[in-house]
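Engineer: starting from these lines, generate the structure:
(4 chains)
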Protein chains: 2
Amino acid sequence: MGTDSTGTESRQPVMADVAKLAGVSHQTVSRVLNGAPHVRPDTRDRVLAAIRELDYRPNSAARALVTRRSQTLGVVSFDSTLYGPASMLDGIERAARSAGYFVSVTSLRSLDGRSVQEAVDRLRDQGVEGVVVIAPQTAAVSAVSRLSSSVPIVAVGSGNQTQLPMVSVGNRYGAGEATGYLLDLGHRTVHHLAGPANWLESKDREEGWRLTLQAAGAPVPEVERGDWSARSGYQAGLRIAGLRGVTAVFCANDHMALGLLRALHEAGRSVPDEISVVGFDDIPEAAYFTPPLTTVRQDFGELGRRALELLVGELEGGTSSPTHVQISPEMVLRRSAGPAIGR
Amino acid sequence: MGTDSTGTESRQPVMADVAKLAGVSHQTVSRVLNGAPHVRPDTRDRVLAAIRELDYRPNSAARALVTRRSQTLGVVSFDSTLYGPASMLDGIERAARSAGYFVSVTSLRSLDGRSVQEAVDRLRDQGVEGVVVIAPQTAAVSAVSRLSSSVPIVAVGSGNQTQLPMVSVGNRYGAGEATGYLLDLGHRTVHHLAGPANWLESKDREEGWRLTLQAAGAPVPEVERGDWSARSGYQAGLRIAGLRGVTAVFCANDHMALGLLRALHEAGRSVPDEISVVGFDDIPEAAYFTPPLTTVRQDFGELGRRALELLVGELEGGTSSPTHVQISPEMVLRRSAGPAIGR
DNA sequence: AGCATGTTTGTTAGCGCTAACAATTCCTGT
DNA sequence: ACAGGAATTGTTAGCGCTAACAAACATGCT
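Structural biologist: Okay, the predicted model is just below:
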């Protein structure tokens, strides 16, 4: 008791403290912690007891420094306020945790390539072992694919134009199903309320819609365009309500469909009697719209989960796994779409 | 060129490499990196040039090891799929980034105290410097408040029963406003569709509703209860539609209000002519419901931002800042509520 | 017994960085 | 020209951990 370390509670215990208490070397403590073989059971027990007694917590920075593994994955998201990104993030986090990783999140402010690069760099500087990018804008994806990065990256969203490993839903397929369903109901053609032009999802859904129309020999009307929000759907709806001959509209997402429904209602156009509406996503609220929305369901959580699996596979498997995973969306029929009436 | 380090590209450059290239000691490189004073401008420039040339990235684990600061904050969230938590998370992340911190997220699977403790422990083991808990359940909060943790914690949500620093919205106040508004419209009383009993928000909103009713000498009807989802709102709506004498309903959130609207519509009860409905939250879709929803707006993003400021203040300021921040919600009037008609 | 084989533990050397101090250089005023 | 001080740079010693090797001990076999 000559020095200043008289107190017994001074600082957080370190491995050496545990070792001393258990009467072993610090390396043996490390072995117990990491489940190394060749540790005698009673030694292990003594170490474990010492750990409990001191409430010892390994220092992750020290471990990361020497192993060069941070146990952390990064996620770059676009607008995590939206239902889609939020759900994917949730799926990613759950999957990451069960695979033994932490998740560090960065939200993009704008969608240009520089922001993506910046976000990934930031994450890399923090020492993440891999990155999932939820950024389905064309600019973002092309930025990511030429990203100079030493860490593996997986994209989640749409588009298959990249070399990047990627998980996406069959947007084209889903859009085709929706359009085909409407056509089968007897509509002469189907209008489309698309998402922003620079989003991959938009593009793919629009393409699925257009292709199906063409294959059926139906005329292809001008697309209306929104920004995913109910507000933009409402505004587009006002325009559509003014158009003549519209009997069916396929919306690129459910939120815009909600706005569209509202505008149509205000314009006195009955859904589905006069106009049929189909959405995309199947958000939990879609079943309670007026009328309940026929839509195309996609499982965002699953999307996130699969993306993370892909990343972890790349990280641990070493060899390249299947690099493009596609998840099939599926139509759910409700009351917002019906047969074309007398025309 | 005798050893195996013949190649020039072998490994990631470290500080010593930069130092050698710039012709200085590694400490000077460190000084430049950390903006220490007393570095001659041209020395700084040479170092900076070397950093750029080698594309050097400081190793964050090494820095964290010696400084004992990880630049990382943890967030424990409940169901980040919900609009509220997702928005708060978004606000937190943005604020954290601009304050120079990373954000590591963990989603709770269940709401018992042990899960919260586990999540916080996990985060702490990872080395976060502080934690924001988005977990407005009573159990979670009481668990957090007796949390044995060496890191500062801030809660965001509701309730003021804890010693824990906390940011919340004036739920009681907002609920009172909504109820008072309905009463002023001439309704004899206001029914209430509450959230889960173990959520603080539920409790506070219910209390605000009840108190206002009592203060006005209005009868206090039995509360209906949902789980925040549109689905549960729909089911409650079915029950309410069967009740006699209901002319006004205050819903604890907008999603349940949506379900309620749907159920009322199906039951042939017109809103607002027969029954007035008011929600809480003002989600972006509320303006496009049928009819557009009168509701109480709360700014989730702001909530998250303030929580983070509080945490950072505690972390860096040292002294204890105001420990309970309250944000006022505000009513937004739309068309789902109107005067009581002839009774 | 005597040696190879295997199990269990300890010792040493960093990982890449910053803090603390030491050394050097550059200014001032006198 | 020279002391005194500031400005600028370098040197040394860890942070707490794991990897690699070394030592000690046990066991089986001929």
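Engineer: burial measure for A:R305, as a count.
Structural biologist: 22 (other C-beta atoms under 10 Å in any protein chain shown). For glycine as for every other residue, the C-beta is placed from the backbone atoms N, C-alpha and C.
Engineer: list phi and psi for it.
Structural biologist: Backbone torsions for A:R305, taken as degrees, to the nearest 10, come to phi -60, psi -50.
Engineer: repeat for A:A155
Structural biologist: Torsion angles at A:A155 (phi, psi; degrees, to the nearest 10) stand at phi -100, psi 150.
Engineer: who touches A:R225 in this structure?
Structural biologist: A:L193, A:A194, A:G195, A:P196, A:A197, A:A236 (C-beta atoms under 8 Å, 6 or more residues apart in numbering or on different chains).
Engineer: how about 10 Å then?
Structural biologist: Listed by C-beta atoms under 10 Å, 6 or more residues apart in numbering or on different chains, the contact set of A:R225 reads A:H192, A:L193, A:A194, A:G195, A:P196, A:A197, A:S202, A:E206, A:S232, A:A236, A:A252, A:M256.
Engineer: doesn't A:F250 lie inside a strand?
Structural biologist: Yes: assessed by DSSP: H, G, I helix; E, B strand; the rest coil, A:F250 belongs to a strand.
Engineer: who does it bridge with?
Structural biologist: Note on A:F250: beta-bridge partners A:H192, A:V278, judged by DSSP bridges.
Engineer: can you pull the pLDDT of it?
Structural biologist: In this model, A:F250 is scored at 98, pLDDT.
Engineer: could you do A:R97 as well?
Structural biologist: The model's pLDDT for A:R97 equals 94.
Engineer: the one 4 residues further on too?
Structural biologist: On pLDDT, A:Y101 comes in at 96.
Engineer: correct me, but it touches A:E309?
Structural biologist: No: taking contacts as C-beta atoms under 10 Å, A:Y101 lies outside contact range of A:E309: 11.6 Å.
Engineer: what separation do you get for A:A257 and B:H26?
Structural biologist: To B:H26, A:A257 is 60 Å away according to C-beta to C-beta, to the nearest Å.
Engineer: these two: which is more packed in?
Structural biologist: Taking other C-beta under 10 Å, A:A257 and B:H26 do not tie; A:A257 has more neighbours (32 against 15).
Engineer: chain center to the helix or strand encompassing that one, what's the gap?
Structural biologist: Using DSSP states H and E, A:A257 falls within helix A:254-266. Offset of helix A:254-266 from its chain centre (C-alpha atoms, centre = their mean, to the nearest Å): 25 Å.
Engineer: what packs against that helix?
Structural biologist: For helix A:254-266, the packing partners by 3 or more C-beta pairs under 10 Å, 6 or more residues apart in numbering or on different chains; DSSP states H and E come out as helix A:83-98, strand A:191-194, strand A:224-225, helix A:230-242, strand A:248-251, strand A:276-278, strand A:295-297.
Engineer: how distant is stretch A:331-343 from the center of its chain?
Structural biologist: The answer for stretch A:331-343 is 31 Å, by C-alpha atoms, centre = their mean.
Engineer: so for that stretch, what gets flagged as buried?
Structural biologist: Going by neighbour count (16 or more other C-beta atoms under 10 Å in any protein chain shown), the buried part of stretch A:331-343 is A:M331, A:R334, A:R335, A:S336, A:A337, A:G338, A:A340.
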